[in-house]
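S.K.: Coordinates only, no sequence provided:
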């Protein structure tokens, strides 16, 4: 099996090898310098599977140390194990507590997540997302949510996974989701902290998401309007300056313009017949009550909305609460694709460029079937670094990387 000269070539099925002694022995002797760029990516994936495998073994060992403690109650065993693990691994008390908490959650509450980690199907980051985002649910409900997402989890980024689970949690118990939302909004606040660099951090917490999204869209739009010739500030700097100007009532704040929010929601939710969650571009799932507030909003912002069929998710209506519509082509493309179509990107379509799949300079038409939203970063990546993509019959996009790997992006973001 391993008689490959200086490990300068790979088995054709290396992507299918399970993590364990055989894969570890092979990787230990691979000569990356002798591999093509394509094969180096295959090796990277294999190493990632092995890293996940050993992380699972590490968490299993932590849980085993806890089980070995003499204390009769679980809390006592955990506290005793924290001290033992902190001393053994040279961790701070807080770090040991955090690591053991993850280990115990996997051991006691999420065995399927632990199994997926052991077999290299997920990494530690995605395991922690599944633990954290279901933490408020009962054990049974949390395991049910994980069971519904576990088959797809290896193809999702942490952002996509968190987004999907948040939506599932709202669907699982809409009343609990609304109660938690109401409690959190009651705690909304603005705080300022000094930093060790002599600067300050000013931010607001626990805001209604639709109002925060409208505010952020306005900040973005005003910041982009300042990107004129001779402007040396970065977009992050411009956003920060616009933010301060708006609060102080100076500078750019004097310009007209209101924030925009894009909403997707099932029709029964909007008319009060269902509590299925809606979706705010750039934020993610929101409870039904917030979706209805957005749809009914007539002041302070331009509200774009997409009404979908609850049975098949098809778009049945696209509109805006203002009489000032966007260009029809852009509105149509944004209705079809709610985010950037590059793999893993969740930048809202309204903040993206419209890319010609078949370049306009090569005769590609400026028509909806030939347009797709790409954020400025991935638009540049596509044309500068040799990425290409095609639109599949079902509306998905299949990308080809410069090293020859393919990635399929669904029409609806995970």
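M.R.: Sure thing, it's come through. This one's a predicted model, so the numbers in the text were calculated from it and none came from an experiment.

S.K.: what helix or strand is residue 245 on?
M.R.: Per DSSP states H and E, residue 245 falls inside helix 235-248.

S.K.: can you list contacts of that helix?
M.R.: Under the contact criterion Cβ atoms under 8 Å, 6 or more residues apart in numbering, helix 235-248 has outside partners 218-220, 222-224, 226-227, 231, 233, 251-253. C-betas here are computed from N, CA, C, even on glycine.

S.K.: Going through the residues you listed, which ones are buried?
M.R.: Buried members of the contacts of helix 235-248, scored by 16 or more other Cβ atoms under 10 Å, are 218, 219, 220, 222, 223, 226, 252.

S.K.: Which two among the contacts of helix 235-248 are spaced furthest apart?
M.R.: Within the contacts of helix 235-248, 218 and 231 form the most distant pair, 18.9 Å apart (Cβ to Cβ).

S.K.: Could you point out the longest helix of the chain?
M.R.: Longest helix in the chain by number of residues, with DSSP state H as the criterion: helix 37-67.

S.K.: buried sites along that one?
M.R.: For helix 37-67, using 16+ other Cβ under 10 Å, the buried residues are 39, 41-43, 46-47, 49-50, 52-53, 55-56, 59-60, 62-63, 65-66.

S.K.: by contact count, what packs against it?
M.R.: helix 21-28, helix 74-89, helix 93-108, helix 111-118 (3 or more Cβ pairs under 8 Å, 6 or more residues apart in numbering; DSSP states H and E).

S.K.: name the helices or strands packed onto the last one?
M.R.: In terms of contacts (3+ Cβ pairs under 8 Å, 6+ apart), helix 111-118 is packed against helix 37-67, helix 93-108, helix 124-133, helix 139-149.

S.K.: Also the third one?
M.R.: In terms of contacts (3+ Cβ pairs under 8 Å, 6+ apart), helix 93-108 is packed against helix 37-67, helix 74-89, helix 111-118, helix 124-133.

S.K.: export the ones you listed to TSV and tack on distance to residue 357 and mean pLDDT?
M.R.: Formatted as TSV, the helices and strands packed on helix 93-108 follow (distance: least, Cβ to Cβ, whole Å; pLDDT from 0 to 100):
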stretch	distance to residue 357	mean pLDDT
helix 37-67	24	96
helix 74-89	51	91
helix 111-118	35	96
helix 124-133	31	96
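
S.K.: Could you verify my assumption that residue 370 touches residue 357?
M.R.: Yes. If you go by Cβ atoms under 8 Å, residue 370 and residue 357 touch, sitting 5.3 Å apart.

S.K.: Common neighbours of those two, please.
M.R.: With Cβ under 8 Å, 6+ apart, residue 370 and residue 357 have common neighbours residue 364.

S.K.: Just the pLDDT for residue 215.
M.R.: pLDDT recorded at residue 215 is 89.

S.K.: what angle do the helix or strand it falls within and helix 235-248 make?
M.R.: Taking DSSP H and E as the criterion, the element that holds residue 215 is helix 209-225. Relative orientation of helix 209-225 versus helix 235-248 (axes from the mean of the first three to the mean of the last three Cα atoms, to 10 degrees): 120 degrees.
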